[in-house]
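In: Give me coordinates for this.
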Amino acid sequence: MNEEGTKLFDEMGYQEVGIHIGTKIKSPGMKQFISRAREDGLYLFNLSLIDERIKVAAKMLAKYEPKDIVLTAARIYPRAAASKFAEITGAKFMEGRVMPGVFTNPNRTDYTEPGIILMSDTRNERQAIREASKTSIPVIALCDTDNWIKFVDLIIPCNNKGRRSLSLIYFLLAREFMKEKGAIKSDEEFKYKVSDFEAKVEMKAK
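Out: As a prediction, the model looks like this:
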C-alpha cells in the first residue's frame with residue numbers, strides 16, 4: 001500500500017497527460033476541487049486532490065467483489081480505459097448507453113444488480129446515474145469541472161475527456177485496486193503500462 005502522503009504518480013507525469021486540465025465551465029459542485037483558472041479561461045484541478053481521490057476510490061471499490069462492480073462508459077476514450085480495467089480486475093463493463101431498467105427492472109433479460117458503479121462521465125451517462133439513484137447503488141464518478149454531481153457518492157475530479165488522462169486514471173485505479181485486494185504487493189508487480197489503457201483511435205473534433 002502507499003504510505004500516507006506518497007503520491008501514486010509523479011506530479012510531472014500527471015501534468016504531462018493533462019489530468020488536471022478542466023473546461024471553461026465551472027459547475028457549483030466542482031468548485032471545491034479547482035485550484036485556479038489559466039489565462040485562456042480553462043479551470044485547473046488541484047493535483048493533490050486528484051491523487052487522493054484515486055486512492056480513496058480504489059479502497060472503496062476493493063470492498064466489493066469484482067463481479068459486483070459495474071463500469072460504464074459512453075464515449076470512445078473512456079470505453080477503452082474502462083474495458084481494460086474490467087479485463088484486469090474481473091469487473092463488469094457496460095459499453096455505450098445504459099438502457100432504462102437495466103438496474104431497476106428484474107424482468108429484463110439484461111437486468112444487472114451492481115454493488116457499486118464506476119462511471120466515466122455523468123454528462124454522457126445520465127441514464128446510468130438515474131438508474132443507480134432509484135436503487136441506492138453507490139456511484140463513483142470521474143467528474144470534469146463542468147459535470148453535475150447529483151447522486152454521486154465519490155467524485156474523482158479530473159479531465160475525463162482526454163485520451164491520455166483517462167488511460168492514466170484507469171491504470172492507477174486498476175493497480176491500486178489489485179494492491180488493495182492483495183493480488184499484487186507492489187507497483188512493480190503490476191505488469192501493465194498506461195498505454196495499455198489508451199484508446200487506439202482518435203476522436204474527430206466536431
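In: Helices along the chain, start to end?
Out: Secondary structure of the chain (DSSP state H): helices located at 11-16, 47-61, 76-89, 126-135, 163-180.
In: so the longest one versus helix 47-61, what angle?
Out: Here helix 163-180 points in a direction 50 degrees away from that of helix 47-61 (axes from the mean of the first three to the mean of the last three CA atoms, to 10 degrees).
In: Off-centre distance for helix 163-180?
Out: 8 Å (CA atoms, centre = their mean, to the nearest Å).
In: Same check on the first one?
Out: From the chain centre to the centre of helix 11-16 is a distance of 18 Å (CA atoms, centre = their mean).
In: Show me what that helix is packed against.
Out: Secondary-structure packing of helix 11-16 (3 or more CB pairs under 8 Å, 6 or more residues apart in numbering; DSSP states H and E): helix 47-61, helix 163-180. For the C-beta atoms, the positions are set from N, CA and C on the backbone; glycine is no exception.
In: just the ones you listed: most buried one?
Out: The highest mean neighbour count among those, using mean count of other CB atoms under 10 Å, belongs to helix 163-180: a mean of 24.
In: And the residue lying farthest from the centre of the chain, how far from Glu131?
Out: Distance from the centre of the chain peaks at Asn107, with 29.4 Å (CA atoms, centre = their mean). Going from Asn107 to Glu131 by CB to CB, to the nearest Å gives 15 Å.
In: for this protein, what are the low-confidence residue spans?
Out: For the chain, the stretches with pLDDT under 70 are 1-5, 202-206.
In: hmm, 50 instead?
Out: By pLDDT under 50, the low-scoring segments of the chain are 1, 206.
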